[in-house]
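Colleague: Sequence plus the predicted model coming up.
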Amino acid sequence: MTSKKPPERPAPSRWMVSPGYDLAIYSGVTLYGAALVLGLAHVFDPRRLFVIFNVAFTLGHYGPTWLRAFGDTAELRARPLQIIGFPLVAAAFVFGTAENPEVLACLLYLWDRWHAVMQSFGIARIYDAKLGRTEPHWAWLDRALLFACAFFLMSLNVALLTPLIERAAAVGIDLAPSPTTLHAIRWTLGLITAGIVTVYAVALLRAQRRDGRWPVPKLAYLGLLVGGHALMNTTSNVFLLSCHEKVYHCVQYYSITWHYERKRRAITSPRWLDRVLASRASLPAFGALVLVWIAGAVAVSRAISTGDSELYLAGFTRAFGGLALVHYYFDSFLWKVRRVEVRANL
């Protein structure tokens, strides 16, 4: 009597969802998002696009952060002081610096730049985790590559440097470089980036020789990420550059949070929110929650403002800034790739 061989398990996918989905949502969005923004600039005023994209994307993607923090009972119980306390700290800071808005603007700019690059870093680390490459040196290489590319591309576009120079000048720091200094900065950053790319390529070749695998999803992501930013560097319009980042950053964030919430919440849970977000209606339900969040955030900003247009803008800016601070802080620990539940649900 012959014993049946157990069926072979299929090799785990190296993609977060699937090749088509990942290339469309996580990787390609940086490139086609650039083409979309540059195309819309021929139809709409870039300043109007900036306002619309800020509400639909930037303000909207703060909502899933709060859902992730306050809607997950286990998360709230594990970090009650951080999750409940920091929004109060952020609100106190925003209103405490009302007479010196440049302080809030400078902090938001620096934290936002770090936050944007670290989301790309997190996606790269997830791809490595799915491939089984969790050695510490890959984290250092990813971080070095992404920050070097970001600084180098920034140095090539005056419109990307201007916000940094203006924010620094507002708090008394003069960072405006002379043409000669800027030229030297570009060459220095270019050489540093080329050196890191070389080291990265050597590490990839060594890993491929050892286990015979290329990290195709990760390389596609990194390549399209750089390609999208290179395409956007053909314009020096700061409003369009900002719109581009809002598109790819927030589309990726919406998708990551939706997939995480759908897998995290058990269908058998008695809580109605868990049942809905784990059901087939999870995507429209998630979208509805985002729209409710946007409406609520706009309503709060109106409530703390007056009829005066300048005061309303100041009130909206404070509300927006406070939500941004909370978003940056929550994401700093909610989406750590080294956390078991984050890897498991992504």
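Modeller: The structure has been received and is ready for your questions. Residues are numbered from 1 along each chain as shown.

Colleague: Tell me the buried residues in the helix or strand of the chain with the lowest mean pLDDT?
Modeller: When each helix and strand of the chain is scored by mean pLDDT, DSSP states H and E, helix 272-277 comes last, with a mean of 73. Applying a neighbour-count criterion of 16 or more other Cβ atoms under 10 Å, one finds Asp274, Arg275, Val276, Leu277 buried in helix 272-277. The way it works is simple: take the backbone N, C-alpha and C, and place the C-beta from them, glycine included.

Colleague: Go through the next helix or strand after it and flag the buried ones.
Modeller: On the C-terminal side of helix 272-277, the closest following helix or strand by DSSP states H and E is helix 282-303. Buried residues in helix 282-303, counted by 16+ other Cβ under 10 Å: Ser282, Ala285, Phe286, Leu289, Val290, Trp293, Ile294, Ala297, Ser301.

Colleague: Find me the pLDDT at the third one, would you?
Modeller: I take that to be Phe286. With respect to pLDDT, Phe286 scores 86.

Colleague: OK, contacts around it?
Modeller: For Phe286, the contact set (Cβ atoms under 8 Å, 6 or more residues apart in numbering) comprises Pro64, Tyr254, Thr257, Trp258, Glu261, Leu277.

Colleague: when you compare where the helix or strand hosting the fourth one runs with where helix 282-303 runs, what's the angle?
Modeller: Which is Trp258. Assigned by DSSP H and E, Trp258 belongs to helix 238-264. Per axes from the mean of the first three to the mean of the last three Cα atoms, to 10 degrees, the angle that helix 238-264 makes with helix 282-303 is 130 degrees.

Colleague: can you give me how far helix 238-264 is from the chain middle?
Modeller: Mean C-alpha position of helix 238-264 versus that of the full chain (Cα atoms, centre = their mean, to the nearest Å) differs by 6 Å.

Colleague: which helices and strands sit right next to that helix?
Modeller: Applying 3 or more Cβ pairs under 8 Å, 6 or more residues apart in numbering; DSSP states H and E, we find helix 238-264 packed against helix 29-40, helix 46-53, helix 60-70, helix 101-131, helix 158-170, helix 216-232, helix 282-303, helix 340-345.

Colleague: switch to 6 Å and redo it
Modeller: helix 29-40, helix 46-53, helix 60-70, helix 340-345 (3 or more Cβ pairs under 6 Å, 6 or more residues apart in numbering; DSSP states H and E).

Colleague: before we move on, the earlier item: max pairwise distance over the contacts of Phe286: which two?
Modeller: Tyr254 and Leu277 (13.5 Å; Cβ to Cβ).

Colleague: What's the PyMOL syntax to select whichever of the contacts of Phe286 are buried?
Modeller: Selecting only the buried entries of the contacts of Phe286 in PyMOL, with 16+ other Cβ under 10 Å as the criterion:
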select buried, resi 64+254+257+258+261+277
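
Colleague: which of the contacts of Phe286 lies closest to Asp45?
Modeller: Taking Cβ to Cβ as the measure, Asp45 lies nearest Tyr254 of the contacts of Phe286, at 25.6 Å.

Colleague: Now find how far off-centre the longest helix along the chain is within its chain.
Modeller: Across the chain, the longest stretch assigned as helix under DSSP state H is helix 179-211. Relative to its chain's centre, helix 179-211 lies at 23 Å (Cα atoms, centre = their mean).

Colleague: and which of the buried residues of helix 272-277 is nearest to Met232?
Modeller: For the buried residues of helix 272-277, the nearest to Met232 is Leu277 (33.8 Å; Cβ to Cβ).

Colleague: Helix, strand, or coil at Ser236?
Modeller: coil (DSSP: H, G, I helix; E, B strand; the rest coil).

Colleague: so it sits right up against Leu160, yeah?
Modeller: No - applying Cβ atoms under 6 Å, one finds Ser236 not in contact with Leu160, separated by 8.6 Å.

Colleague: Show me which of these two is the more surrounded one.
Modeller: Between Ser236 and Leu160, counting by other Cβ atoms under 10 Å, Leu160 is the more crowded of the two (21 against 12).

Colleague: Nearest residue to that one in space, ignoring adjacent ones along the chain?
Modeller: Met154 (4.4 Å; Cβ to Cβ, 6 or more residues apart in numbering).

Colleague: where's the helix or strand that contains the one you found relative to the chain centroid, distance-wise?
Modeller: Using DSSP H and E, Met154 sits within helix 136-156. In terms of Cα atoms, centre = their mean, the centre of helix 136-156 is set 15 Å apart from its chain centre.

Colleague: mind starting the numbering at 805 from now?
Modeller: Understood, numbering begins at 805; the last thing we discussed is helix 940-960.
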